[in-house]
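Asks: fold the following for me, if possible:
(chains A and B)
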Number of protein chains: 2
Amino acid sequence: MTTTTAHPFDTAISLSDNTNGGYVGQTTPEYANMVGPFGGVTAAAIVRAIERHPDRTGEPIALTVNYLAPVSDGAFDVAVRAVRTNRTNQHWIAEVSQDRGITTTATAVFGVRRDAWSDTELTMPDVPDPESTSHTTVPGPVPWMRNYDMHYVEGAVPTDAAESASSTTTLWVRQRPARTLDFPALSALTDVFYPRVFLRRGRMLPAGTISLTTYFHVDGAELAEQGTDYVLASAHAQRFARGYFDQTAQIWGRSGTLLATSHQIVYYKD
Amino acid sequence: MTTTTAHPFDTAISLSDNTNGGYVGQTTPEYANMVGPFGGVTAAAIVRAIERHPDRTGEPIALTVNYLAPVSDGAFDVAVRAVRTNRTNQHWIAEVSQDRGITTTATAVFGVRRDAWSDTELTMPDVPDPESTSHTTVPGPVPWMRNYDMHYVEGAVPTDAAESASSTTTLWVRQRPARTLDFPALSALTDVFYPRVFLRRGRMLPAGTISLTTYFHVDGAELAEQGTDYVLASAHAQRFARGYFDQTAQIWGRSGTLLATSHQIVYYKD
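Replies: Numbering: from 1, shown residues only, chains lettered A, B, ... in the order given. Alright, predicted model coming up:
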């Protein structure tokens, strides 16, 4: 007899139909953050909801997720709606809600890629392979981080209370256990960075993502070519301004494909 | 007798109450683009609508505007709603619609800035003053560009059919006639760049912004300190991928204040 166990990520973004024409999901302890679930898994559940919606055409081009309030442990509803379908793209709005109200809003653009002149202008950072970079032991208080194999190249979580002049973190990362990369997983990976203000200040302090925007640069076939391999994720802040900082990030395939660029605005208290 | 004429930008984002609890605006020929109005002025009208809403607290922190379809000449409705008000921030959703349906969706975060450790990590480009940079004569077919004084430092609109290896454009820009900088004007300025693909390919081709996200790094008082002076706007693309490219941009005050960082995904055909 053979039994199959679902990957914890697939369990975390598993959705069933609710009675309102939308979907219902369930938080899982594996993807818990300090308060509520990891923001990346909520983004992934929204992408999954749109992907399985019968009106959906094309694949993710852009995604903005706004974090209004933490999702409480338990069931959550995901409502998604195609607002307009154009010839080559489709605009969606989405809301995640629980008994106490809306926790998350989102907009997304799905689209079809065509043959067109293409070029990657950005250069992938020149870094050692993941195999020659040490694996980071998972910190205790953040359960979701245990779902990722992380090999920091630059800007690891500060442990020595030393301030850093740079907010740049670059790491090789993949899901643990290994899982073939798809759009929900890539969406989650764009939020895999600990808050940049920790690195600058050399310590943890209250911080949380308010809004996350990701642009996808590959189609599903190109994404699947990454298989279960590590991707290189790099992020830095541009300005920390009286309680809010921005972060801009790139996610690269090992062979140099720029899979996604992503941006977020983060609340902090210091 | 004294008569006062409204600035064309204020006319373009002027809103009155409609009969549905929202606002109604009117396109103006001054802000017309090739098809429909300049995307920046639509973003500005949304910011203005939230600013004047009685539920609004704080000032803009983040804004995402999705361009579903061109706004047709004439009246348009702007519906805005505060989805959640937290202690220091407030989440909004917005829709612009006309008789034929929704043309624009948006989400915004407004918030209050507090005393906190702050730093600008990015360095302002070292460029000559606007006064020592030549003024660009306005191209004929794009009316909205006549509302800006533009002094290109790098990456002007290509006129010689030469491809460029870089997609970077940097320019000094201010509203024409001069007008004190505020959040609607700053929101519009984030979309002041012609499409990056024109620069790379050395020619114009079909292209349009699909989704625009801006993070604001100053409060209203800091913004007003800019007065009517030029700001330095710089933008570049990271990847052009089969019909969609991203753009990332910074808007700097002359004295080195990073006012906003902004990102967009753009459709192109080549």
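
Asks: now do the SS call for the residue nearest in space to the middle of chain A.
Replies: When CA atoms, centre = their mean is applied to chain A, the residue found nearest the centroid is residue A:188 (2.4 Å). Of the three states, residue A:188 takes helix under DSSP: H, G, I helix; E, B strand; the rest coil.

Asks: go on, the one 5 residues further on?
Replies: Following three-state DSSP, residue A:193 is assigned to coil.

Asks: contacting residues for the closest residue to it other than its chain neighbours?
Replies: With sequence-adjacent residues excluded and distances taken as CB to CB, 6 or more residues apart in numbering or on different chains, residue A:193 is closest to residue A:235, at 4.4 Å. No exception for glycine: its C-beta is placed from N, CA and C like everyone else's. With contacts defined as CB atoms under 8 Å, 6 or more residues apart in numbering or on different chains, residue A:235 is in contact with A:167-170, A:193, A:196, A:247-250.

Asks: would you mind listing what in the stretch 51-200 of chain A touches chain B?
Replies: If contacts are counted using CB under 8 Å from any CB of the partner chain, the residues of the stretch 51-200 of chain A sitting beside chain B are A:61-62, A:64, A:66, A:68-69, A:83-84, A:86, A:88-89, A:91, A:93, A:101-102, A:105-107, A:109, A:111-122, A:166-167, A:197, A:200.

Asks: for chain A, which segments count as helices?
Replies: All helices of chain A, identified by DSSP state H, fall at A:8-12, A:39-52, A:183-189, A:196-201, A:220-224.

Asks: so how far is residue A:27 from residue A:36?
Replies: Here the criterion is CB to CB, to the nearest Å. By it, residue A:36 lies 8 Å from residue A:27.

Asks: overlap of the contact sets of the two?
Replies: Common neighbours of residue A:36 and residue A:27 (CB under 8 Å, 6+ apart) are A:71-72.

Asks: those two: which is more packed in?
Replies: Looking at residue A:36 and residue A:27 with other CB atoms under 10 Å in any protein chain shown, you find the greater number of neighbours at residue A:27, namely 21 against 18.

Asks: surely the more buried one touches residue A:98?
Replies: No. Using CB atoms under 8 Å, residue A:27 is not in contact with residue A:98; the gap is 9.7 Å.

Asks: and residue A:267, which of the helices of chain A is closest to it?
Replies: Evaluated over the helices of chain A, closeness to residue A:267 peaks at helix A:196-201, with 9.8 Å, by CB to CB.

Asks: what is the closest one packed up against?
Replies: strand A:231-241, strand A:244-253, strand A:258-268 (3 or more CB pairs under 8 Å, 6 or more residues apart in numbering or on different chains; DSSP states H and E).

Asks: turn the ones you listed into CSV, columns for mean pLDDT and distance to residue A:174.
Replies: Converted to CSV, the helices and strands packed on helix A:196-201 look like this (pLDDT from 0 to 100; distance: least, CB to CB, whole Å):
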stretch, mean pLDDT, distance to residue A:174
strand A:231-241, 98, 7
strand A:244-253, 98, 11
strand A:258-268, 98, 13
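
Asks: who's in contact with residue A:133?
Replies: Each residue near residue A:133 by CB under 8 Å, 6+ apart is listed here: A:127, A:151-153, A:172.

Asks: if we go to 10 Å?
Replies: Taking CB atoms under 10 Å, 6 or more residues apart in numbering or on different chains as the criterion, residue A:133 is in contact with A:127, A:150-153, A:170-172, A:230.

Asks: kindly report the same for residue A:57.
Replies: If you count contacts by CB under 10 Å, 6+ apart, then residue A:57 has A:82, A:85-86, A:88-90, A:110-112 around it.

Asks: and for residue A:262?
Replies: Applying CB under 10 Å, 6+ apart, one finds that residue A:262 lies in contact with A:43, A:63, A:186-187, A:189-193, A:212-216, A:233, A:235, A:247-251, B:246, B:263.
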